[in-house]
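> next input, structure requested:
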Amino acid sequence: MERQATGFGLKQLQEDTPDGLPKARRSLLSLVDELARQSRLPVSQVVLGGFSQGAMLALDAALHLEDRPAGAVLFSGNLVARPEWERRARNRAGLPVFQSHGRQDPLLPFSGAEALRDLLVQARMAVEFLEFDGGHTIPPSVVNRSSQFLLARLREASSDDNVSDR
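Numbers count the residues shown, from 1 in each chain. Prediction:
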């Protein structure tokens, strides 16, 4: 997933499942399961997120979890594994997703982030897409907005707890 994505390489990146993705997914899913078990926190209250490759892995895991997570935060990620993600995304309608990407990203082109956003929107996920002037980074404006996104997921989880306690 680390190669620079330009031209034909971007199209190929979007269609193929990167070599290490299945193994990385298994590791992350095991980690999520273990953390949920230890904390007694249901996966439905977990937000998965990451930057660059981590964003792509976080989304892949969110699409593969048995239960729908509380949300996903995707900083500077791109579309990969399109056939599989399209199929799995249909089962995540309503999933809150915060996605950001720099219009001048030299590593993962902005068009790849737009393709990812479009796939998620077509799957009826609740996508908030924040683009910014800049490259492969997380600027303060994105940190601020993603914090608001995470606080909203926390409030939803607290609200769900209060409803189930009644």
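> going forward, measure contacts and count neighbours with C-alpha atoms only.
Will do.
> state which helix of this protein is the longest.
helix 140-165 (DSSP state H).
> helices or strands up against it?
strand 96-102 (3 or more C-alpha pairs under 8 Å, 6 or more residues apart in numbering; DSSP states H and E).
> give me the mean pLDDT for the strand it packs on.
Computed over strand 96-102, the mean pLDDT rounds to 98.
> that one packs against which elements?
Short answer (3+ C-alpha pairs under 8 Å, 6+ apart): strand 96-102 packs on strand 71-75, helix 110-122, strand 126-132, helix 140-165.
> need the ones you listed in TSV with mean pLDDT and distance to residue 93, can you?
Shown next, in TSV, are the helices and strands packed on strand 96-102 (pLDDT from 0 to 100; distance: least, C-alpha to C-alpha, whole Å):
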stretch	mean pLDDT	distance to residue 93
strand 71-75	98	11
helix 110-122	97	9
strand 126-132	98	8
helix 140-165	85	16
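> mind putting these into JSON lines with distance to residue 42 and mean neighbour count?
JSON lines is the format used below for the helices and strands packed on strand 96-102 (distance: least, C-alpha to C-alpha, whole Å; neighbours: other C-alpha atoms under 10 Å):
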{"stretch": "strand 71-75", "distance to residue 42": "13", "mean neighbour count": "26"}
{"stretch": "helix 110-122", "distance to residue 42": "23", "mean neighbour count": "19"}
{"stretch": "strand 126-132", "distance to residue 42": "21", "mean neighbour count": "16"}
{"stretch": "helix 140-165", "distance to residue 42": "10", "mean neighbour count": "13"}
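> using the three-state scheme, assign the most centrally placed residue in the chain.
Residue closest to the mean C-alpha point of the chain, counted by C-alpha atoms, centre = their mean, is residue 59 at 3.5 Å. Following DSSP: H, G, I helix; E, B strand; the rest coil, residue 59 is assigned to helix.
> swap in the one 10 residues further on?
The three-state label given to residue 69 by three-state DSSP is coil.
> who touches it in this structure?
Contact partners of residue 69, counting by C-alpha atoms under 8 Å, 6 or more residues apart in numbering, are 43-48, 62, 95.
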